[in-house]
Every structure is written in structure tokens, then in C-alpha cells.
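In: pasting the sequence and the predicted model now:
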Amino acid sequence: MGKTLFDKIWDSHVVKHIPDGPDVLYIDRHLVHEVTSPQAFSALKARGLKVFRPERTFATCDHNVPTLDQDKPIADESSRKAVDSLAANTAENGITYFPLGDPGNGIVHVIGPEQGIVLCGQTVVCGDSHTATHGAFGNIAFGIGTSEVEMVLATQCLLQSKPKQARITVDGRLAANVTPKDVILHIISRLGTDGCTGCFVEYAGEVFRDMSMEGRMTVCNMSIEMGAKGGMVAPDRTTFEYIEGRRFAPSGAAFDDKTAFWLTLKTDEDAVFDREYHFDAADIRPMVTYGTNPGMGVAVDGVIPSEAVGCDAVTFDKALAYMDFSKGEPMSGKKVDYVFVGSCTNGRIEDFRAFAKAVGGRRKAEDVTVWLVPGSKEVEAKIEAEGIGDALRAAGFQIRQPGCSACLAMNADKIPAGKYAVSTSNRNFEGRQGYGARTILAGPLVAAEAAVTGRIGIPSEIH
Amino acid sequence: MDKINIIESPAVLVPVDNIDTDQIIPARFLKTTSREGFGEKLFYDWRFKSDGSPVAENPLSGQKGVILVAGNNFGCGSSREHAAWALHDAGFRAVVSSSFADIFRNNALNNCLLPVKVSEEYLAAVTAVLKSAPETVICIDLGAQTISVPGAGDASFEINGYKKECLMNGYSDIDYLLADRKSILDYESRHVM
């Protein structure tokens, strides 16, 4: 029987197998941020240990950082302490760190690929569930807890049981107003928020083959939102073109050798998955969520289901009550107070290009607050270099500075209680974007429509 | 690490599906660099209003016990281990559900908090018993891998032999890895890095 892409990478990273237990898995890349690492560094220190392989570890601050006035000290004391603690821990252990304001700084899952830290065929972990993003390059990438961060810092290994495997195939061609975000929101709405729990997913088919690396990252990023341990796309020429020339990526003959190997990283034709799912691109419309988990999604021109989907009736009613929505209501035309474009899901240059193009010659709606937050310094620089910043400022928008921002509202970017936010981020959980905030997840085109009309609506086709 | 063998206690019933780790511990409490004190922040936004006053009728009010019985897909969302720390710090030693998110499950196991996965039917039966008789004492026996609930009967649950041994003896994964440095160095020398 053939092997899957996942099998090939997993098997080549098994240090040893524990009978009736997990595998000891070697980790190629460890990404670190300030929220989930301090307790791991202190525990390591308490054991009298240093980081085992600091050259495999890279760190950035992103969750606690303000998105204005980054040249000044962080005003919030506990946030400042968390960031200072990361700077001290990385310096003490010889870990490459991208501090606030550094040209390499940004959201951990944006800068990993951008700096060429994350390549293909690797095991990649981070104390962050959206580590799944890096599967876009054909990696086994998954989020871990702080105890596991400590294990990787101490030994470059983790104890992991091999998960089940699922393949999600989407064939056909997407309509011009359908983005990668709509694809993944569509899939999660069909499979449910726990549809792939215990599984690692491979995305296959025409739609993903035709997708840019930014798009593949958006899709893989949200694999966790259907419970999957991670999601991956087989590497191809699109992948190699993205990687070539990046700061930490191999170059010259070394790069050519690598690509020759990376081309072998694909699922064998006779490989068997535990589960297979098929979708048709023609069925995918621009999407929004209506509830309090990412599985509660419908097409923008659809209606809120009239009975519970993906949970029991009590949980479903609780979600609609929180959102102040009713069963059977259309989503189109609903009033929006805030728009947030950014996050590790949709904070890349392609997202800002799409947003700007969809805004077209229109102006920001007066009564909508719009936060445009680049995923990294590099994205910020491109926004300016490409003239997107000027065009958007002329249309009444403001570009903020990079960070996780309103995705989880750990900094000052909080959506007020009761307000509706169209957000290009990944989670619409109760209180995620601020106490009582009501999140409607969407892609950058639906976000642009909301930003200029103040309503949920079908975006125009962008060519 | 603590040890687990037999856990016998009344349960705290929170029959809500898809409880994510943002509910268990909201992100704004994750700024601290220590592991301590998260118990008081457990399910904070369900227990307190934005002005800090308590919510009278919240899912935890009036319930006591070290076993949490929750709806399907417990612990989904963010990888924050603070969720497991908060539950453990608040006194919980086991969570019973019909499904656990993968990262939460690992975090729980690494913190001596036992995830007990049962069938949807059994969970429904336990939930019904606890609704009519909230004082019911549940017994979870890790050695036998069984859960017993008077009125709902017994069920068995899965856990791999390695993890079971860790929990019953207070061993941790990091100690295992540190003790086997040789295998790791061998692996590194066998692979072009």
C-alpha cells in the first residue's frame, strides 16, 4: 500500500516508537511567541537547562503588541512584561528574535514563511493552534501546549501519537468573488467544528493546485477550526517560487537539491485515507458566519438555519441569542459596526490587495470603524510600496501596525459589547474579540463590502 | 506531577457543546508569565459581567465536585494550556465528554487532568442523571479504565498504556525525553540537518 504525504514526513521524523504509546517525533522548526512560552522557559531554567537546539527556534512578539505607536514603550504593563520576558529568554538562549519594530517582526504564522524559516517536508510546531498554517508548504505543522513547548526547547522532540488521516478534495473552478477563506468556511460549515478531530487533513484537487501560497495558508490555518490537528497541501512549483530568495531559505545549488527532494513529497496514488471528503468549487459562494463557532457558516446570500446544525438545540439557541440573530433570517443586509482585516488567517499582502481592489473607488462608510492590520512589517512595507496604503487612506481608511490585534483582543483593539464586527480572522467564539463582541467571520472581499456599505452583502467579482 | 488512580466525586455539569478554551479562560488573562492562579479566572465571562458583578444564574453556580461533565467537543479552539491549568487549579481532576479537541487533550494529560471520553449515548445518560440527581457521586477508575455513574451504569474509556502509566505514577513526558537523549542524538546523526 502506498504512503500519504503525511506518512512520508511523519515516518522520517520518528526518533523511536514507544510500545502501546506515542512516537518520539523530531521537530525541525519551533516558532515561539510571548503568550505561551514564558512558563516553558522558566521551567527549563528551573531544571538548569538551556535550549537544546536554539538554531531551530525562532521567536516574535505578536499577541500583546499595540497596533499604533509601536515606537513607544507598550503602555499596558503586563503586556510589556510579557514581551520583555520573551526578549530576555531568547537572548539568554541564543534564539533568533524579531522584536517589535524589526523589519522581520509580525504575526508568528505570517513571518515564519515570509522569512523562509518554514520550508517543505518539515515538522513545525508552535504554542499556538494556528500553526496549522505552515502545512500550506507540505509540512506537518501543529499547535502545542506550553508543557510541550518546554519539551521541544529541552529536547527538540515531542511525544505524539500518529493521528488518523483525511483528504479533502475540491475540484472545479471558483467564482471570481470567492476567496480561499470562503472555501475553508464552506468546508467547515459542512464538516462541523469537530468534523476532523483526531485527524490530519490533506487538501487536494484543482482548487488548491491553482491557489497561491497566501490562499493555501488561509485554508490550512483554519484546519484547527474543524478540529483537525493540522492541514497540508503537497508542495509544487508555486511553493518553491514562494520560498526562493527568502532570508533563511537555502539558496543556489542547495535550493535546487531541496526542490528535487520536495517534489517527491506527495501522496502515492494507491495510498488510503481514513476518510475522504469531496466538494465542488461551483457550490462555494462568498461566506459569513452567523453563530459562535466557525462551523456556523452560510453563504452571504443564504439564511440562518431553522434548526440546530453541528450541536444540540440548547447550544445552538445560546449562540443565536448571543449574536441576537433569529433562525431563518437572511444574513445579507445585516448592519455592521466594525470591520477587522488582518490576523494569521487573512493578514497577508494578497488579502490587502483583494480588499483594496474590492473597495474600488468607493469610500469607507461613515458609521463603520475599520481596522486594517498588516500581518507583518513586510506586509506593511508592501502595502505602502504598491500604493495600496495611499489609495485606502484617500478612501478614508487608516493602516495600523502589525500584530494579532482584534483577532483575540489581547491588546487595546477590542470590539465593544453588543457591536457587530465583520472579521477576516478565524474565530467567532463568545467574547473572542472583546467582552460581548459579536463576530461575523468572512474573507477580505466581504469585509470590503461591509467597510464601504456598512452592511453584509455579496462582493462584486474581482478579476 | 500529581498522580491519578481513583477519582470519586460529585460532578459539575455544564451540558454545552463545543466549549472552547476562550470560554474556559479568556485571552485577556493570559498576559501573566506564571502558571499560578488561573483557577479564579475559570469560565470568567460566564460567571461575571463586564463590570465585575457576578452572574447569578451561571452554568457553574451551586455545583461542587472535582469532575466536570461537559457537552461534545470540549476544549476546542486555542491551544492555550492555561485552560488545563485553570481547570486543575480550580480543583478539577477529570473532564467527561463525548469528544475532546486534540491539543486540549494533550494539555490535560500533561497536567494530571484526566480526559474521559465516553459515547454520546452514555454522556446523554449521565447528563440526565445529573440533572435529576445533582448530588450523584461518580467514580472514575484509571487502572480499570472505567467510569461508574449510579443510574447511568458503567462505561470504559481508552487511554494508551504509556500515558496511563505516567498518570498513575506521576511521570511526565519531558522526563522521559530527557532520559533518552541518546536516541535523539542518534537520530540527529542519522539525518542530514
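Out: Done, it's in.

In: what sits against the closest residue in space to residue A:239 that isn't next to it in sequence?
Out: With sequence-adjacent residues excluded and distances taken as CB to CB, 6 or more residues apart in numbering or on different chains, residue A:239 is closest to residue A:137, at 5.6 Å. The way it works is simple: take the backbone N, C-alpha and C, and place the C-beta from them, glycine included. For residue A:137, the contact set (CB atoms under 8 Å, 6 or more residues apart in numbering or on different chains) comprises A:113, A:118-120, A:122, A:213, A:233, A:235, A:239, A:242-243.

In: in TSV: the residues you listed, plus secondary structure and neighbour count.
Out: Converted to TSV, the contacts of residue A:137 look like this (DSSP: H, G, I helix; E, B strand; the rest coil; neighbours: other CB atoms under 10 Å in any protein chain shown):
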residue	secondary structure	neighbour count
A:113	helix	25
A:118	coil	28
A:119	coil	25
A:120	coil	23
A:122	coil	19
A:213	helix	19
A:233	coil	26
A:235	coil	27
A:239	helix	23
A:242	helix	21
A:243	helix	22
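
In: for the residues you listed, which one is nearest chain B?
Out: Chain B has its nearest neighbour among the contacts of residue A:137 in residue A:122, at 11.4 Å by CB to the nearest CB.

In: hang on, that closest one packs against residue A:139?
Out: Yes - proximity of residue A:122 to residue A:139 meets the contact threshold set by CB atoms under 8 Å, at 4.7 Å.

In: which neighbours do those two have in common?
Out: Common contacts of residue A:122 and residue A:139, defined by CB under 8 Å, 6+ apart, comprise residue A:9.

In: please name the residues that touch residue A:200.
Out: Per CB under 8 Å, 6+ apart, neighbours of residue A:200: A:6, A:140, A:142, A:163-166, A:228-232.

In: which element is it on?
Out: Residue A:200 belongs to strand A:199-204 when elements are defined using DSSP states H and E.

In: assign the residue in chain B positioned nearest to chain A to helix, strand or coil.
Out: With CB to the nearest CB as the measure, residue B:162 is the residue of chain B nearest to chain A, at 2.6 Å. Assigned with DSSP: H, G, I helix; E, B strand; the rest coil, residue B:162 falls in the helix class.

In: tell me the pLDDT of the closest residue to it other than its chain neighbours.
Out: Counting by CB to CB, 6+ apart, residue A:21 is the residue found nearest to residue B:162 once chain neighbours are left out, at 2.6 Å. Looking at residue A:21, its pLDDT stands at 94.

In: what about residue B:87, distance to residue B:140?
Out: Relative to residue B:140, residue B:87 is positioned 15 Å away (CB to CB, to the nearest Å).

In: these two - which one has more neighbours?
Out: The neighbour comparison of residue B:87 against residue B:140 (other CB atoms under 10 Å in any protein chain shown) goes to residue B:87, with 27 against 24.

In: the contacts of residue A:200 in helices, which ones?
Out: Those of the contacts of residue A:200 mapping onto helices are residue A:6, per DSSP state H.

In: other residues contacting the biggest helix by length in chain A?
Out: Longest helix in chain A, counting residues (DSSP H): helix A:77-93. By CB under 8 Å, 6+ apart, the list of residues contacting helix A:77-93 from outside reads A:32-35, A:37-38, A:41, A:50-51, A:54, A:57, A:59, A:61, A:64-65, A:73-74, A:95-97, A:99-100, A:153, A:410-411, B:31-33.

In: next step: those restricted to helices.
Out: A:38, A:41, A:153.

In: so which of these wins on neighbours?
Out: Neighbour counts for these (other CB under 10 Å) peak at residue A:153, which has 26 neighbours.

In: look up how far residue A:173 lies from the nearest residue to it once chain neighbours are set aside.
Out: Nearest residue to residue A:153 in three dimensions, chain neighbours excluded: residue A:51, at 4.9 Å (CB to CB, 6+ apart). Using CB to CB, residue A:51 is found at 47 Å from residue A:173.

In: which one of the contacts of residue A:200 is nearest chain B?
Out: Taking CB to the nearest CB as the measure, residue A:229 is the one of those closest to chain B, at 5.1 Å.

In: that closest one: neighbouring residues, count only.
Out: 28.

In: pLDDT score for it?
Out: Taking residue A:229 on its own, its pLDDT is 97.

In: next structured bit after the longest helix along chain B?
Out: Ranked by residue count under DSSP H, the longest helix found in chain B is helix B:120-132. The C-terminal neighbour of helix B:120-132 among helices and strands, as given by DSSP H and E, is strand B:137-141.

In: can you list contacts of that next one?
Out: By CB under 8 Å, 6+ apart, the residues outside strand B:137-141 that reach it are B:5-11, B:65, B:67, B:69, B:94, B:96, B:114, B:116, B:126, B:146-150.

In: also stretch A:309-319?
Out: Outside stretch A:309-319, the residues within contact range by CB under 8 Å, 6+ apart are A:192-194, A:291-293, A:295-296, A:307-308, B:15-18, B:71-72.

In: in chain A, which strand is the longest?
Out: strand A:164-171 (DSSP state E).

In: what bits of chain A have low per-residue confidence?
Out: For chain A, the stretches with pLDDT under 70 are A:461-463.

In: look up phi and psi at the residue in chain A positioned nearest to chain B.
Out: Closest approach between chain A and chain B, counting by CB to the nearest CB: residue A:21, at 2.6 Å. The phi/psi pair for residue A:21 (degrees, to the nearest 10) reads phi -160, psi -170.

In: that one - how many residues pack around it?
Out: When neighbours are defined as other CB under 10 Å, residue A:21 has 17 of them.

In: that one is in contact with residue B:171, isn't it?
Out: No - counting by CB under 8 Å, residue A:21 does not reach residue B:171; the two are 11.5 Å apart.

In: other SSEs contacting the lengthiest strand in chain B?
Out: Looking across chain B with DSSP E, the single longest strand is strand B:6-14. Counting contacts by 3 or more CB pairs under 8 Å, 6 or more residues apart in numbering or on different chains; DSSP states H and E, strand B:6-14 packs against strand B:67-70, helix B:120-132, strand B:137-141.

In: show me what the second one is packed against.
Out: Just to be clear, that refers to helix B:120-132. Using 3+ CB pairs under 8 Å, 6+ apart, helix B:120-132 is in contact with strand B:6-14, strand B:67-70, strand B:94-97, strand B:146-149, strand B:153-156.

In: if we go to 6 Å?
Out: Under the contact definition 3 or more CB pairs under 6 Å, 6 or more residues apart in numbering or on different chains; DSSP states H and E, helix B:120-132 sits against no other helix or strand.

In: mind listing what the strand holding residue A:200 pairs with, with the direction of each?
Out: Sheet pairing of strand A:199-204 (DSSP bridges) gives strand A:164-171 (parallel), strand A:230-232 (parallel).
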